[in-house]
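Peer 1: The following block contains a protein sequence and its predicted model.
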Amino acid sequence: LWQTLSDYQEDEASHIHRAPKCHASAPKGEPLSYQDGMVKAVAAAAAMRLPFLMWVWSFASCWRGNADLQLFCTKYAALLNQTAVRYIFSREKPSLNVLNTHLGISGKCDRPEGRNHQLEVDIARHLLRVALPSDSNHTADFVLVNHCFGYVITRNFLKCAALNASELSILGVLDHKDCSQFTFASAKKFIEAWAGEVRSLGPRVLAVLTFEMGRLASPAFQRLAHVISYTGPSNWLRENMRESRNWQEHVDFGCGQGRQSRASGTHSFEYPSTWANDDVQVTPPSPYNYLTDWMVAEGRDLLFAFIGSPTSCLRRLLSEAWRDSPFPDVRVGSQRSLKPGETYSNILQRSKYCLVPDGHVPWSYRFLDVIHHGCVPVIISDSWHPPFHRLLKWASGDVPLVFVHPRDIHGLRNILLSRAMQDWEMMQPLTRIMAAALDPRSGLYYEMIVAELMLAKKAKEEASLQQTQRQHFERKFARGVARWTVAPAAPPPPPGASSPV
């Protein structure tokens, strides 16, 4: 990551362009500790015979807890919100206490066989590298409560899916389609008990939810104070795409009105905004890696592509509109539509734009997949919520991203062709640094989580302070009005009335 940031320095002859790596050389995709990164950086600087000041700079960059985030901000300040920039350079860190609960099934949280729920297991040790450790639930800014419900439920689901019909009948499951409901039901009492224990710790509680539906996976999750998840409220596009009437008027594009229900993809989604001020939305992991899969702009012969199954109403509409397209620069289809020698990864590397429609839920693993390949993502959704929305200016046009309302899928080619080629040529190189920043294998990813938590905390404190000041002013104003109000004079006595003694 450190080298990737440096590769885009404007001065090709500068010492910074040859700066050593801090995180990119970590084995097995794990971020290095800052102490290890410091040693490697100084050793690399010495081997490259860089000036002494460069040694010191390398030392400080890897030792400092928010080194990657400051470097990212220095080079790409246009991508970040100004409030985020001010926080990043304030060097303020939150304090974090990590709490293991018996009800969190912590004893069964061995290393998952897969990546979808890896964040549940790894979050504590990564956040402690960039936050200040605390041993008190009362003084810490956040209390991270460990659990691995997502991993355990997924593991039990896979076991259920591997059973035969007679074994399923013993469990009371009719067929394999009911395995998901069965595994959630079996974990329900543990989740509810755990959530009750967690809520008793107060408003500083922080939990990671790797379920596709986030808080909506269980009513117990909706009462947690702070959550890190892949799913966010559905109102972000309506609030940030004000120039488009489609998002403002809740246009029905053929999939019915949004609803809050178990994710099926048969309807558009409407996720509530009740937790918008306290949660952090992050990107899920991807099996791809920008270090090996990212390709430059030259040689991309496809205008846009989508390779995936029609698992939702929106994806079915997209497939019906473009799977038989007569245009040679359009590829839409399933994995079965690939020609001999073609792969999903190869199509992404050949495409200028890659479509990211809603699937089972209003976020997709595909988003990180496409930017790992250097393809500019096209978000097709009416309820998508971006990751790290407090840090990055997703709606500004500076971030490599294009938004298209689902109602406009039939005009996709004309919409993309109408965009200036210079815009795409400016966005495409930025996909590399965005892939590095949004990948959970990157140290910057966890620095961004901590920054998001602090920005959310500060925004809440400022709102509370403003409310308190407003109430104080209203009370003071009311007392002042009462003090200076003059009572009306008594009317004069009527003629002939005796005057009072």
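Peer 2: Nice, thanks for sending it over. Numbers count the residues shown, from 1 in each chain.

Peer 1: contacts and neighbour counts: CA atoms only from here.
Peer 2: Fine.

Peer 1: can you give me the strands in the stretch 101-250 of the chain?
Peer 2: 132-133, 142-146, 205-209, 226-229 (DSSP state E, counting those that start in this stretch).

Peer 1: How about the chain?
Peer 2: Ranges of strands within the chain are 95-100, 132-133, 142-146, 205-209, 226-229, 280-281, 302-307, 330-333, 351-357, 376-380, 402-404, based on DSSP state E.

Peer 1: so which of these is the most packed in?
Peer 2: Greatest average neighbour count among the strands of the chain goes to strand 351-357 (a mean of 27), per mean count of other C-alpha atoms under 10 Å.

Peer 1: just checking, what packs against that strand?
Peer 2: When contacts are defined as 3 or more C-alpha pairs under 8 Å, 6 or more residues apart in numbering; DSSP states H and E, strand 351-357 packs onto strand 302-307, helix 366-372, strand 376-380.

Peer 1: So what are the sheet partners of the shortest one and their directions?
Peer 2: Neighbouring strands of strand 376-380 in its sheet, by DSSP bridges, are strand 351-357 (parallel), strand 402-404 (parallel).

Peer 1: Ok, the first one next?
Peer 2: If you go by DSSP bridges, strand 302-307 pairs up with strand 330-333 (parallel), strand 351-357 (parallel).

Peer 1: I'd like the distance from that strand to the chain centre, please.
Peer 2: Relative to its chain's centre, strand 302-307 lies at 24 Å (C-alpha atoms, centre = their mean, to the nearest Å).

Peer 1: and what of the longest one?
Peer 2: Computed by C-alpha atoms, centre = their mean, the chain-centroid distance of helix 366-372 equals 13 Å.

Peer 1: same question, stretch 154-164
Peer 2: Chain-centre distance of stretch 154-164: 29 Å, with C-alpha atoms, centre = their mean.

Peer 1: Equivalent analysis for stretch 383-401, please.
Peer 2: When distances are taken as C-alpha atoms, centre = their mean, stretch 383-401 is centred 10 Å away from the chain's centroid.

Peer 1: Now it: buried residues?
Peer 2: For stretch 383-401, the neighbour count (16 or more other C-alpha atoms under 10 Å) marks 383-395, 398-401 as buried.

Peer 1: do the same with stretch 192-201
Peer 2: 192, 194-195, 198-199.

Peer 1: With pLDDT and distance to Glu425 as extra columns, can I get these in CSV?
Peer 2: Output for these, formatted as CSV (pLDDT from 0 to 100; distance: C-alpha to C-alpha, whole Å):
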residue, pLDDT, distance to Glu425
Glu192, 85, 50
Trp194, 84, 50
Ala195, 83, 48
Val198, 82, 48
Arg199, 78, 49
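
Peer 1: Quick one: closest of the strands of the chain to Tyr290.
Peer 2: Of all the strands of the chain, strand 376-380 sits nearest to Tyr290, with 13.4 Å by C-alpha to C-alpha.

Peer 1: Asn81: neighbouring residues, count only.
Peer 2: By other C-alpha atoms under 10 Å, 16 other residues sit near Asn81.

Peer 1: tell me the contacts of it?
Peer 2: Neighbouring residues of Asn81 by C-alpha atoms under 8 Å, 6 or more residues apart in numbering: 390-393.

Peer 1: Repeat that for Gln70.
Peer 2: For Gln70, the contact set (C-alpha under 8 Å, 6+ apart) comprises 88-89.

Peer 1: how close does it sit to Tyr87?
Peer 2: To Tyr87, Gln70 is 10 Å away according to C-alpha to C-alpha, to the nearest Å.

Peer 1: same question, Met213
Peer 2: With distances taken as C-alpha to C-alpha, Met213 is found 30 Å from Tyr87.

Peer 1: These two: which is more packed in?
Peer 2: Met213 (21 against 17).

Peer 1: And the pLDDT at that one?
Peer 2: We have a pLDDT of 82 for Met213.

Peer 1: related to what we said a few turns ago, tell me the one of the contacts of Asn81 nearest Arg242?
Peer 2: Using C-alpha to C-alpha, the contacts of Asn81 come closest to Arg242 at Lys393, 14.9 Å.

Peer 1: Do I have it right that that closest one meets Leu80?
Peer 2: Yes: Lys393 is within contact range of Leu80, at 5.4 Å (criterion: C-alpha atoms under 8 Å).

Peer 1: show me the contacts for the closest residue to Asp135 other than its chain neighbours.
Peer 2: Closest residue to Asp135 apart from its sequence neighbours, by C-alpha to C-alpha, 6 or more residues apart in numbering: Asn97 at 5.6 Å. By C-alpha under 8 Å, 6+ apart, Asn97 lies in contact with 133-137, 140, 142-144.

Peer 1: Tell me the one of these nearest Asn164?
Peer 2: Leu144 (39.5 Å).

Peer 1: Might you list the low-confidence residue ranges for this protein?
Peer 2: In the predicted model of the chain, residues 1-67, 101-114, 243-246, 248-252, 256-269, 274-276, 485-493, 495-501 satisfy pLDDT under 70.

Peer 1: Can you check which helix is longest in it?
Peer 2: The residue-count maximum for a helix in the chain (DSSP state H) belongs to helix 443-484.

Peer 1: For it, name the packing helices and strands.
Peer 2: Identification of packing neighbours for helix 443-484 by 3+ C-alpha pairs under 8 Å, 6+ apart yields helix 67-75, helix 82-88, helix 118-127, strand 280-281, helix 421-438.

Peer 1: buried ones in stretch 409-423?
Peer 2: Result for stretch 409-423 [16+ other C-alpha under 10 Å]: buried residues 409, 412, 416.

Peer 1: cool, stretch 122-137 as well?
Peer 2: Going by neighbour count (16+ other C-alpha under 10 Å), the buried part of stretch 122-137 is 123-124, 126-132, 134, 137.

Peer 1: coming back round to it: quick one: which of the strands paired with strand 302-307 is nearest Leu444?
Peer 2: Set against Leu444 and scored by C-alpha to C-alpha, these come closest in strand 351-357, at 23.9 Å.

Peer 1: Now do the closest one against helix 421-438: the angle between them, please.
Peer 2: Interaxial angle, strand 351-357 versus helix 421-438 (axes from the mean of the first three to the mean of the last three C-alpha atoms, to 10 degrees): 60 degrees.

Peer 1: how near is Thr83 to Pro284?
Peer 2: For Thr83, the distance to Pro284 equals 25 Å [C-alpha to C-alpha].

Peer 1: Compare those two (neighbour count), which wins?
Peer 2: Pro284 (25 against 12).

Peer 1: pretty sure the more buried one contacts Asn116?
Peer 2: Yes: at 7.0 Å, Pro284 counts as touching Asn116 under the criterion of C-alpha under 8 Å.

Peer 1: Could you say which one of the strands of the chain comes nearest to Met295?
Peer 2: Met295 lies closest, by C-alpha to C-alpha, to one member of the strands of the chain: strand 351-357, at 10.1 Å.

Peer 1: ok, and what's touching the closest one?
Peer 2: Outside of strand 351-357, the residues within contact range by C-alpha under 8 Å, 6+ apart are 297, 300-306, 314-315, 348, 364, 366-367, 370, 375-381, 424.

Peer 1: burial measure for Arg316, as a count.
Peer 2: Neighbours around Arg316, by other C-alpha under 10 Å: 13.
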